[in-house]
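In: Kindly return the folded structure for what I paste below:
(one chain, ligands or ions: 1)
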Amino acid sequence: MSEKFIFGSDFHGNLNSVDAFLREAEERQATHVIFGGDIAPKNMAVKFRDGSAIKIDGERPISVRDSEDLEKEGYMLFSFEDEKEDELALLRITQKFSGYFDNSYFEGSRDPILTLEEIVILEKYKQFFMDFLENTEEGQKIFEFFTRDLPSSLEKFVDMVYQFLKFDYYLKKGDRENLRTIRENGFYSYLSWQRVAALIKLAFSPLRKWEAIERDLSSHSLPKQREFLQKFLERIDEFRGRVSAKVSIILGNDDMKELGEDLDRAQANGLIVNATNRVVQIGDNVQMLGYSFVPPLPYSFDVWYKNEGEISKDLEVLAGEIDPEKILIANIHCPPVDTRVSRTFSGYEIGSNAVRQFVSDVEPQIVLTGHSHDHWKREDGGVFDRVGVTRVYSPGASEKRGRFIVCNIDEDDHFLVER
Ligand SMILES: [Fe+2]
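Out: Okay, here's the model as predicted:
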């Protein structure tokens, strides 16, 4: 009987990609559905009561989005207790202003649009604003610049900024009554949107606050990753109701180790095969060797780091469990070094010597690998390579959209599917 596998990796919590993958597996009547590591979400977003959310992408938040959409795309959503809502709303406002400068938020629109509620929140943080103007070198310069022709107290100046924001709001609403009131109170004409935006962005300095929030969130990742895994396993359950394929999976360096317990439970229920760091049978004549550890990298869970010597030893132990009579699929998160699939688009070699040595020595029929997300974008990259006689596949990450390899186990023709 011919065996057909479909392989995807680095889904990073993207349920849309998981759905596309399972649809593809069903349509193509795959006998083996194989997930590489990094299944669970690592990206984070803060959810607001109105259903919107902001991504936190390591460096800085990017944009305000619908929280349900973000969750499907693989974001862990965190909401805060009520007393932090204002603080978060403040961050969201400053986010609008940072978007104003790099054009990522308000495409095609000139000014950030603040609601009246948002202006009120900014006003609540008036003291914060004044502290910036009074106590930072940058703030003092700005204050002097704006007030050189017009003697003004800090408080009066800050009030004028708020008046400006309200004036603009009423202008856009066409609210003449309120516009007149503001004019009568004295409207400061030196301000412009660009200046106000720059000022607020600086004064509320969102970066430092986001860093603190991000640290706070990271410590709560496990329940979120588990929540995702539950949804993932429900989908596998539905899939297995329709299709009689074997589903196997390994964890990757961005999955928390504790998820292994959840996978073992799912395995006990006959749902999947957990091949994380073990050799398992996935068919009458097919075995899988799974391995998740990677050489150290900046920015991921260091519980998954091992040096080349340790990786080499681990793989040697696992090799001892292989049945030489059966087909061997190696599902190894880290690619063999110096292949078309081991260098990221930005040129970073993330492959392992120990993995390469293991592949040359043991010669599995197929090596399925991930870890690198975008090697296929390189001129010297691709989704396929060989190490000696062994075929090595790495479709790239499915974290943004599905990328899968489909292949008959005993034949060379394979293809990449994107959805
Ligand atoms: Fe990944």
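
In: Can you show me the helices along the stretch 151-300 of the chain?
Out: In the stretch 151-300 of the chain, the helices defined using DSSP state H, counting those that start in this stretch lie at 154-173, 176-184, 193-203, 206-218, 221-242, 259-268.

In: Adding mean pLDDT, mean neighbour count and distance to the ion, write those helices out as a markdown table.
Out: For glycine as for every other residue, the C-beta is placed from the backbone atoms N, C-alpha and C. Formatted as a markdown table, the helices of the stretch 151-300 of the chain follow (pLDDT from 0 to 100; neighbours: other CB atoms under 10 Å; distance: least, CB to the ion, whole Å):
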| stretch | mean pLDDT | mean neighbour count | distance to the ion |
| --- | --- | --- | --- |
| helix 154-173 | 88 | 18 | 42 |
| helix 176-184 | 88 | 12 | 51 |
| helix 193-203 | 80 | 19 | 32 |
| helix 206-218 | 64 | 15 | 17 |
| helix 221-242 | 95 | 16 | 14 |
| helix 259-268 | 98 | 16 | 14 |
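
In: out of those, which comes closest to residue 249?
Out: Closest to residue 249 of the helices of the stretch 151-300 of the chain is helix 259-268 (CB to CB; 6.5 Å).

In: From the contact counts, what lies against the closest one?
Out: Under the contact definition 3 or more CB pairs under 8 Å, 6 or more residues apart in numbering; DSSP states H and E, helix 259-268 sits against helix 221-242, strand 273-274.

In: Mind exporting the C-alpha coordinates of it to PDB?
Out: What follows is helix 259-268, C-alpha atoms only, in PDB (Å, rounded to 0.1, in the frame of the first residue of the first chain):
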ATOM      1  CA  LEU A 259       2.400  20.600  26.700                       C
ATOM      2  CA  GLY A 260       4.100  17.200  26.400                       C
ATOM      3  CA  GLU A 261       1.700  16.000  29.200                       C
ATOM      4  CA  ASP A 262      -1.300  17.100  27.200                       C
ATOM      5  CA  LEU A 263       0.000  15.400  24.100                       C
ATOM      6  CA  ASP A 264       0.600  12.200  26.000                       C
ATOM      7  CA  ARG A 265      -3.000  12.300  27.300                       C
ATOM      8  CA  ALA A 266      -4.200  12.800  23.700                       C
ATOM      9  CA  GLN A 267      -2.100   9.900  22.700                       C
ATOM     10  CA  ALA A 268      -3.600   7.700  25.400                       C
END
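
In: which other residues reach that helix?
Out: Residues outside helix 259-268 that contact it (CB atoms under 8 Å, 6 or more residues apart in numbering) are 39-40, 225-226, 229-230, 233, 236, 249, 251, 272-274, 276.

In: Could you tell me the angle between that helix and helix 221-242?
Out: Here the directions of helix 259-268 and helix 221-242 differ by 20 degrees (axes from the mean of the first three to the mean of the last three CA atoms, to 10 degrees).

In: How many residues are close by residue 412?
Out: Using other CB atoms under 10 Å, residue 412 has 8 neighbouring residues.

In: My read is that it contacts residue 391, right?
Out: Yes - the pair residue 412 and residue 391 qualifies as a contact (CB atoms under 8 Å) at a distance of 7.2 Å.

In: Identify the spatial nearest neighbour of the closest residue to the ion within the stretch 101-250 of the chain, chain neighbours not counted.
Out: As assessed by CB to the ion, the ion sits closest to residue 250 within the stretch 101-250 of the chain, at 12.2 Å. With sequence-adjacent residues excluded and distances taken as CB to CB, 6 or more residues apart in numbering, residue 250 is closest to residue 290, at 4.0 Å.

In: contacting residues for the one you found?
Out: The contact partners of residue 290, taken as CB under 8 Å, 6+ apart, are 248, 250, 274-280, 330-332.

In: Cross the residues you listed against strands and list the overlap.
Out: Among these, the members found in strands (DSSP state E) are 248, 274, 278-280, 330-332.

In: Would you mind giving those residues as TSV with distance to the ion added?
Out: Converted to TSV, the ones in strands among the contacts of residue 290 look like this (distance: CB to the ion, whole Å):
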residue	distance to the ion
248	18
274	18
278	21
279	23
280	22
330	18
331	14
332	13
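
In: Please produce a ChimeraX select command covering the buried subset of these.
Out: Buried residues within the ones in strands among the contacts of residue 290, by 16 or more other CB atoms under 10 Å, are selected in ChimeraX with:
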select :248,274,279,280,330,331,332
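
In: Format the ones in strands among the contacts of residue 290 as JSON lines; extra columns: pLDDT.
Out: Shown next, in JSON lines, are the ones in strands among the contacts of residue 290 (pLDDT from 0 to 100):
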{"residue": "248", "pLDDT": "98"}
{"residue": "274", "pLDDT": "98"}
{"residue": "278", "pLDDT": "98"}
{"residue": "279", "pLDDT": "98"}
{"residue": "280", "pLDDT": "97"}
{"residue": "330", "pLDDT": "98"}
{"residue": "331", "pLDDT": "98"}
{"residue": "332", "pLDDT": "98"}
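
In: For the protein, which residues score under the pLDDT cut-off?
Out: Scanning the chain for pLDDT under 70 picks out 1, 57-64, 80-84, 95, 97-113, 151, 187-189, 205-215, 299-301.

In: What parts of it come near the ion?
Out: Residues of the chain lying close to the ion by CB under 5 Å from the ion are 10, 38.

In: Outline the domain layout of the chain.
Out: Domain assignment for the chain, taken from automatic domain parsing, gives 4-39+220-418, 43-217.

In: Got the phi and psi for the most centrally placed residue in the chain?
Out: By CA atoms, centre = their mean, the chain has its centre lying nearest to residue 43, at 3.4 Å. The phi and psi values for residue 43, taken as degrees, to the nearest 10, are phi -70, psi 150.

In: Do a quick rundown of the strands in the stretch 251-400 of the chain.
Out: 273-274, 278-281, 286-291, 327-332, 366-369, 384-387, 390-393 (DSSP state E, counting those that start in this stretch).
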